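Colleague: How does the following fold in three dimensions:
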Amino acid sequence: MSTSRLYNRTFDMLSHSLDISAKRHNLIAGNIANMDTIGYKPRDLDFLKTLEKAMGEAPPPQKIHMTHEKHLPGVEEEPPFSFKLYNTESVDENHLDSVNIDTEMMNIMQNNIKYRSTAEMLIRKMTILKHSIQEGGR
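Modeller: Reported below is the predicted structural model:
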């Protein structure tokens, strides 16, 4: 989509940013849900590193083998990015206090702010595009 003149690299970055924030929210929610699980290690992802990887050069798509001549030619796409997980802090696996609720609530609040800000930027980008289309039609 980044080769399109309508949807440029900014749109791609905002889209990936929303996806990463949603994934991070799920990881943090999982940490909170498992805070009473013995041996659970809290997980998180580095937002900036994951976004940089997502915005990097994509490998060329692989062709899918067609089994019938009437099938549409398709492309097998890999996920746009993968998440590298790391432990949020050193964890004592034999105790219930491996998840720090204050840290997780702070992480979820920061992630929420990033998500809402990114969604607002995407809405503004679409509003500019909509306005351009409406004004061009006059």
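Colleague: and Arg43, backbone torsions?
Modeller: Dihedral pair for Arg43: phi -120, psi 150, per degrees, to the nearest 10.
Colleague: do the same with Leu18
Modeller: Torsion angles, degrees, to the nearest 10, at Leu18: phi -60, psi -40.
Colleague: quick one: low-confidence ranges for this protein?
Modeller: 1-7, 57-65, 72-97, 138 (pLDDT under 70).
Colleague: Show me which positions of the longest helix seen in the chain end up buried.
Modeller: Using DSSP state H, we find that the single longest helix of the chain is helix 101-136. By neighbour count on 16 or more other C-beta atoms under 10 Å, the buried set for helix 101-136 is 104, 107-108, 111, 114-115, 118, 121-122. Glycine gets a C-beta too; all of them are placed from N, C-alpha and C.
Colleague: which stretches of the protein form strands?
Modeller: Using DSSP state E, the strands of the chain run over 43-44, 62-63, 75-76, 86-87.
Colleague: ok, now how distant is Asn26 from Lys130?
Modeller: Noted for Asn26: a distance of 31 Å to Lys130, by C-beta to C-beta, to the nearest Å.
Colleague: Same check on Arg24?
Modeller: Distance from Arg24 to Lys130, counting by C-beta to C-beta: 29 Å.
Colleague: can you check Lys53 too?
Modeller: On the measure of C-beta to C-beta, Lys53 and Lys130 end up 31 Å apart.
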